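Asks: Generate coordinates for the sequence data below:
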Amino acid sequence: MFDPIVHISSPITLLGGADTDNSQLNICLKVAPSVVAADGGADHALRHGLTPIAVIGDMDSLSVAAGAAFASGLHRVSEQDSTDFEKCLTRIVAPLIMATGFLGGRLDHTLAVLGTLARLRAHHVILVSQDDVCVLLPQGRSTWHLSPGLRAAVLPLGQAQVSSHGLRWDLASRAMAPDGLVSSSNAVAQPAVTFDVTGPVLLTLPLSECDAVVAGVLAQVSSSAR
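Replies: Below you'll find the model as predicted:
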């Protein structure tokens, strides 16, 4: 357990160093105006005229310009056994994290990000990329209000068991694993989709469903806080 660097009661936008554009960034900022940068993500902040409340990482990807611009907010974490994404997640306390700049770049980085989500059970983190919005399904039962007809992928990040109601091809207490059953080309069939999940399972939807995913995560956060 680490002492938090950022402790805030409102959502955070977390910027990574992989590609992100104005559209993705604006989607995140609409939900979470406060910004934290993971190492080289500070360069995205600098280019977009944003001032992060903290820059967290080992600083091996940070440009001289971004380092100078945000010098007062740099928090160097030198450990080499974790990625900058993990360094941030373990040191940010917030009800919701909108993370962009973590998908769509190097494959090893993407896999490390997904592995971190699974290991930390980071159900409050929403990953936003050019085409997708992704979230780790909470353990037990959850209901998501989605648009029928859109694609949906149910992707195990480890050993898992999943039941669903409301998908085109529902899962009935199915054992799933990265090297076993996955549901990568499913679709939303009903406006309310219910999952019963044990183990780490990623739900991936079109970026147009971001508002619905945010609402679902915040509903889960509110429910668990009662």
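
Asks: For the nearest residue to R76 once chain neighbours are set aside, pull up the helix or strand it's in.
Replies: The shortest distance from R76 to any non-neighbouring residue, by Cβ to Cβ, 6 or more residues apart in numbering, is to M59 (5.4 Å). Backbone N, C-alpha and C define where each C-beta goes, glycine included. With elements taken from DSSP states H and E, nothing contains M59; it lies in neither a helix nor a strand.

Asks: Surely M59 touches G41?
Replies: No. Using Cβ atoms under 8 Å, M59 and G41 do not qualify as a contacting pair, with a distance of 11.5 Å.

Asks: ok, back up a step: return the residues in contact with the residue nearest to R76.
Replies: Taking Cβ atoms under 8 Å, 6 or more residues apart in numbering as the definition of contact, the neighbours of M59 are 39, 67, 74, 76.

Asks: ok, so of those, who is nearest L157?
Replies: Compare each of those with L157 using Cβ to Cβ and the shortest gap goes to D39, at 23.3 Å.

Asks: For the closest one, which residues are in contact?
Replies: Contacts were defined as Cβ under 8 Å, 6+ apart; by that measure D39 touches 17, 55-62, 84.

Asks: Buried members of the residues you listed into ChimeraX, please.
Replies: In ChimeraX, this line selects whichever of these come out buried by 16 or more other Cβ atoms under 10 Å:
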select :17,55,56,57,58,59,61,62,84
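
Asks: so which of the contacts of D39 comes closest to R47?
Replies: Looking at the contacts of D39 and their distance to R47, the nearest is G17, at 11.9 Å (Cβ to Cβ).

Asks: isn't the closest one right up against A99?
Replies: No. When contacts are counted by Cβ under 8 Å, G17 is not listed as touching A99 (11.8 Å).

Asks: Turn the contacts of D39 into CSV, columns for distance to M1 and pLDDT.
Replies: Conversion of the contacts of D39 to CSV gives the following (distance: Cβ to Cβ, whole Å; pLDDT from 0 to 100):
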residue, distance to M1, pLDDT
G17, 26, 87
V55, 22, 97
I56, 16, 97
G57, 19, 93
D58, 20, 92
M59, 23, 91
D60, 25, 88
S61, 26, 88
L62, 26, 92
D84, 19, 93
